[in-house]
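**Q** no sequence on this one, just coordinates:
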């Protein structure tokens, strides 16, 4: 048993090393991992046998080592070994991305969403239909997928696949993962969408060179993903990092989660529009983005009502960011999401207000950067999340096949 675990661990290490640094020769794998050359040769032979990696000439112009008379080859991930889909469910649309085993983009799709919250079974049907369209773009079908990653707003326990609450769903406390697996017939992995943005930042974006950082997402709601020591932090119940539902006002404004005084209830789109509509600022039937843009333009035009609404949201947001810095002291704080096209939450005045409220020492404050993600980049984070699990499953399958 111990030997089998050691072999699985070795495969896991080598597969990820090849993914991160490939194309790479076997000798470099041995040197960088501390695994003996003989074991590297054995394990990579298994990986080749199962089609997870492939050999490529190390030097196309001089592919033969004249001293040994043998081809010089490097190892790389076999991109066509597995197919993975990532999905982001937002308020107005569902965004999907298809990637290969190397994480390379193959196809993308954005489809209109349903109106209002729906049942879990209805969401599974919607995702099934959307995945059929996505995979068809690449000449494939859902049965060709090795994994699906799904990100949605709300309180999600990623470990057991339970959604405790989401603005997307009518039900609470449902095991959405089991529902999706039953409908799709494919291993499915879900998480809070902000966590998957953090995953994407770690894999592809601004967090690649940082072991500790925080992503705050501003979309239809307010979310947060925390990376500590290169790992996403979720809390002991799997539902930590709910920045949007931290309390900023006792008995305050009603949040869509059902509680009062949440940060989101002052900062999110629906909160701004709710307050603006209550004072007759504009027609409630206009599209959300149009009304947000109208409200923010009114601020620039010095409309006093619009300025009062947005200034309060900005102050609340600055206080929330300062609290994050005081609690976590991150290397980097990333403000991300579709709503970063508007600058009212990261204007210089907001960041200055944040700086006033953080603990002052004789060192620079954490770096704050803005990353204007669109929904397809959220879907890419979901694909990266699922790809991580597919790598683990591939290593375990090898052990089981090898006996």
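**A** Noted; the coordinates are in hand. Since we're looking at a predicted model, the values are computed, not measured.
**Q** what mean pLDDT does stretch 229-238 get?
**A** Here stretch 229-238 scores 81 as its mean pLDDT.
**Q** how far does it sit from its chain's centre?
**A** On the basis of Cα atoms, centre = their mean, to the nearest Å, stretch 229-238 sits 14 Å off its chain's mean C-alpha point.
**Q** show me the protein divided up by domain.
**A** 2-77, 81-197+377-394, 242-330+338-372 (automatic domain parsing).
**Q** please tabulate these in JSON lines, including the columns distance to residue 204 and mean neighbour count.
**A** C-beta here means a position set from N, CA and C on the backbone, and glycine is covered the same way. JSON lines is the format used below for the domains of the chain (distance: least, Cβ to Cβ, whole Å; neighbours: other Cβ atoms under 10 Å):
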{"stretch": "domain 2-77", "distance to residue 204": "13", "mean neighbour count": "15"}
{"stretch": "domain 81-197+377-394", "distance to residue 204": "7", "mean neighbour count": "20"}
{"stretch": "domain 242-330+338-372", "distance to residue 204": "11", "mean neighbour count": "16"}
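**Q** rebuild those domains as CSV, extending it with mean pLDDT.
**A** Formatted as CSV, the domains of the chain follow (pLDDT from 0 to 100):
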stretch, mean pLDDT
domain 2-77, 83
domain 81-197+377-394, 94
domain 242-330+338-372, 83
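**Q** who wins for proximity to residue 232 among these?
**A** domain 81-197+377-394 (5.4 Å; Cβ to Cβ).
**Q** that closest one spans what distance, first to last residue?
**A** End-to-end distance for domain 81-197+377-394, by Cα to Cα, to the nearest Å: 10 Å.
**Q** which stretches of the stretch 301-403 of the chain form strands?
**A** Secondary structure of the stretch 301-403 of the chain (DSSP state E, counting those that start in this stretch): strands at 332-336, 367-371.
**Q** looking at those strands, which is closest to residue 77?
**A** Between residue 77 and these, the tightest spacing by Cβ to Cβ is seen for strand 367-371, at 26.7 Å.
**Q** that closest one packs against which elements?
**A** strand 332-336 (3 or more Cβ pairs under 8 Å, 6 or more residues apart in numbering; DSSP states H and E).
**Q** quick one: contacts for the nearest residue to residue 390 once chain neighbours are set aside?
**A** Leaving aside its sequence neighbours, residue 390 sits nearest to residue 147 (Cβ to Cβ, 6 or more residues apart in numbering; 4.4 Å). Contact analysis of residue 147 by Cβ atoms under 8 Å, 6 or more residues apart in numbering lists 82, 84-85, 186-189, 386-387, 389-390, 393.
**Q** doesn't residue 98 fall inside a helix?
**A** No - applying DSSP: H, G, I helix; E, B strand; the rest coil, one finds residue 98 to be strand, outside a helix.
**Q** just put the domains of the chain in TSV and tack on distance to residue 221.
**A** Below are the domains of the chain laid out as TSV (distance: least, Cβ to Cβ, whole Å):
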stretch	distance to residue 221
domain 2-77	33
domain 81-197+377-394	5
domain 242-330+338-372	5
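**Q** and residue 95, what are its bridge partners?
**A** On the basis of DSSP bridges, residue 95 is bridged to residue 88, residue 110.
**Q** wait, it touches residue 110, no?
**A** Yes - counting by Cβ atoms under 8 Å, residue 95 does reach residue 110; the two are 5.0 Å apart.
**Q** please report how far the residue nearest in space to the middle of the chain lies from residue 54.
**A** Centre of the chain computed as the mean C-alpha position; nearest residue by Cα atoms, centre = their mean is residue 196, 1.5 Å away. Here the criterion is Cβ to Cβ, to the nearest Å. By it, residue 196 lies 29 Å from residue 54.
**Q** where along the stretch 1-150 of the chain do the helices fall?
**A** Per DSSP state H, counting those that start in this stretch, the stretch 1-150 of the chain carries helices over the ranges 2-21, 26-33, 37-49, 120-137.
**Q** what bridges to the residue nearest to residue 390?
**A** Residue 147 has these beta-bridge partners by DSSP bridges: residue 84.
**Q** cool, and the one 10 residues further on?
**A** Beta-bridge partners for residue 157, by DSSP bridges, are residue 162.
**Q** was I right about it contacting residue 165?
**A** No - counting by Cβ under 8 Å, residue 157 stays clear of residue 165, with 11.0 Å between them.
**Q** overlap in contacts of residue 95 and residue 110?
**A** Residues touching both residue 95 and residue 110 by Cβ under 8 Å, 6+ apart: 375-376.
**Q** now the residue nearest to residue 281 when sequence neighbours are not counted: how far from residue 276?
**A** For residue 281, ignoring the flanking residues on the chain, the nearest one in space by Cβ to Cβ, 6+ apart is residue 305 at 6.3 Å. Noted for residue 305: a distance of 8 Å to residue 276, by Cβ to Cβ.
**Q** ok, residue 55 next?
**A** Taking Cβ to Cβ, one finds residue 55 at 62 Å from residue 276.
**Q** now residue 216
**A** Here residue 216 is placed at a distance of 23 Å from residue 276 (Cβ to Cβ).
**Q** now swap in residue 314 and tell me
**A** Taking Cβ to Cβ, one finds residue 314 at 15 Å from residue 276.
**Q** ok, now residue 124?
**A** Here the criterion is Cβ to Cβ. By it, residue 124 lies 36 Å from residue 276.
**Q** next: residue 364.
**A** Distance from residue 364 to residue 276, counting by Cβ to Cβ: 37 Å.
**Q** next one: residue 153
**A** Between residue 153 and residue 276 the computed distance is 22 Å (Cβ to Cβ).
**Q** same deal with residue 224?
**A** Residue 224 is 25 Å from residue 276, by Cβ to Cβ.
**Q** likewise for residue 391?
**A** The spacing between residue 391 and residue 276, counted by Cβ to Cβ, is 47 Å.
**Q** can you check residue 119 too?
**A** Computed as Cβ to Cβ, the residue 119 to residue 276 distance reads 31 Å.
**Q** can you pull the contacts of the closest residue in space to residue 117 that isn't next to it in sequence?
**A** Nearest residue to residue 117 in three dimensions, chain neighbours excluded: residue 170, at 4.6 Å (Cβ to Cβ, 6+ apart). For residue 170, the contact set (Cβ under 8 Å, 6+ apart) comprises 117-119.
**Q** could you do residue 242 as well?
**A** Taking Cβ under 8 Å, 6+ apart, one finds 155, 223-224 in contact with residue 242.
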